[in-house]
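Novice: give the three-dimensional model of this entry:
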Amino acid sequence: MFSSDPVVRVKDASIFQDQNTVLREINFDIEKGEFVFIIGRTGSGKSSLLKTLYADLPLRQGDISVAGFSIREIRQQLVPLLRRKIGIIFQDFQLLPDRTVGENLMFVMKATGWTDNAKMKNRLAEVLMQVGLGAVEKKMPHQLSGGEQQRVVIARALLNEPLILIADEPTGNLDPEVAHGIMKIFQQINKSGTAILMATHSYGLIRKFPTRVLKCEEGSLLDSLKDHFELNPEV
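Specialist: I've put the predicted structure just below:
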């Protein structure tokens, strides 16, 4: 059944890193199909917030729902179901180095409950085409450039047709031209209806692809929809 609820809803949540509170009583929604950047200095709570959203860090205070799951109340055995609804993209690729691109993607499908070989092969081909990589299925990760590896990681995150992609510095290790190409892919994915929440340090990207921005600053979360703040590179 179609629901118009936001794909992410954060209400009076505090985010912790070990014993330290890094963000206090934050509130925001991300609607279906929305594209949102999240920025802030190293240590400001960006990554801790993202990890809390996909239930890698516990939520101790406040309420968060993601793709219909309550993060505060989620039981450990339900975390894989949550993660089928969200695609997670890391800066450091995390591809299995001893398997081909195709085997990397097949591994994820099997781990998330796919069983029909013909459907798996079709889906594998679809997601690789979606990220502009038609002919890399038989290649090993080390045979690909950094930009190609990141495209494979995006393809992997798309396998289960997630409601939202959560991307932590996905262009951080890439040169500006390659980063620009990756952003174009994210835009296409977003246009097809998938929400995207992307942490970045690149103010150049934000200026080139202007959209809503959340900023972690001194324990608070500012939102460009209602707060005014400068988009200046931070030291």
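Novice: can you map out the strands along this structure?
Specialist: 8-17, 20-30, 35-39, 61-66, 69-70, 86-89, 164-168, 195-199, 212-217, 220-223 (DSSP state E).
Novice: export these to TSV and tack on distance to F107?
Specialist: Where you see a C-beta, it was placed from the backbone N, CA and C, and this is true even at glycine. Output for the strands of the chain, formatted as TSV (distance: least, CB to CB, whole Å):
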stretch	distance to F107
strand 8-17	27
strand 20-30	29
strand 35-39	29
strand 61-66	24
strand 69-70	24
strand 86-89	15
strand 164-168	19
strand 195-199	24
strand 212-217	33
strand 220-223	35
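Novice: where does this protein dip in pLDDT?
Specialist: 1-3, 232-235 (pLDDT under 70).
Novice: mind redoing it with 50?
Specialist: Low-confidence segments of the chain (pLDDT under 50): 1, 235.
Novice: hey, where'd the helices end up in it?
Specialist: 46-53, 79-85, 101-111, 117-130, 146-158, 176-191, 203-208 (DSSP state H).
Novice: could you dump those to TSV with mean neighbour count and distance to D227?
Specialist: Below are the helices of the chain laid out as TSV (neighbours: other CB atoms under 10 Å; distance: least, CB to CB, whole Å):
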stretch	mean neighbour count	distance to D227
helix 46-53	24	16
helix 79-85	16	29
helix 101-111	18	38
helix 117-130	15	34
helix 146-158	22	29
helix 176-191	16	23
helix 203-208	14	15
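Novice: out of the ones you listed, which is closest to A13?
Specialist: Taking CB to CB, helix 46-53 is the member of those nearest to A13, at 7.6 Å.
Novice: and the contacts of stretch 177-193?
Specialist: 32-33, 35, 130-132, 145-147, 150-151, 154, 158, 165, 167, 170-171, 174, 196, 198, 202, 205, 208-209 (CB atoms under 8 Å, 6 or more residues apart in numbering).
Novice: on that earlier part again, right, and the helices of the chain - which one's nearest L59?
Specialist: Of all the helices of the chain, helix 46-53 comes closest under CB to CB, at 5.5 Å.
Novice: relative to the whole chain's centre, how far out is that closest one?
Specialist: Averaging C-alpha positions (CA atoms, centre = their mean, to the nearest Å) puts helix 46-53 10 Å from its chain's average.
Novice: who are the packing partners of it?
Specialist: Under the contact definition 3 or more CB pairs under 8 Å, 6 or more residues apart in numbering; DSSP states H and E, helix 46-53 sits against strand 8-17, strand 20-30, strand 35-39, strand 61-66, strand 164-168, strand 195-199.
Novice: so it versus strand 20-30, what angle?
Specialist: 60 degrees (axes from the mean of the first three to the mean of the last three CA atoms, to 10 degrees).
Novice: helix 46-53 vs strand 8-17, what angle?
Specialist: Counting by the same axes, to 10 degrees, helix 46-53 lies at 120 degrees to strand 8-17.
Novice: go ahead and produce PDB holding the CA coordinates of helix 46-53.
Specialist: Output of helix 46-53 as PDB, limited to C-alpha atoms (Å, rounded to 0.1, in the frame of the first residue of the first chain):
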ATOM      1  CA  LYS A  46      27.300  13.500  10.600                       C
ATOM      2  CA  SER A  47      28.500   9.900  10.500                       C
ATOM      3  CA  SER A  48      27.000   9.100  13.900                       C
ATOM      4  CA  LEU A  49      23.600  10.400  12.700                       C
ATOM      5  CA  LEU A  50      23.800   8.300   9.500                       C
ATOM      6  CA  LYS A  51      24.800   5.200  11.500                       C
ATOM      7  CA  THR A  52      21.900   5.700  13.900                       C
ATOM      8  CA  LEU A  53      19.500   6.000  10.900                       C
END
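Novice: I appreciate the help and will end here.
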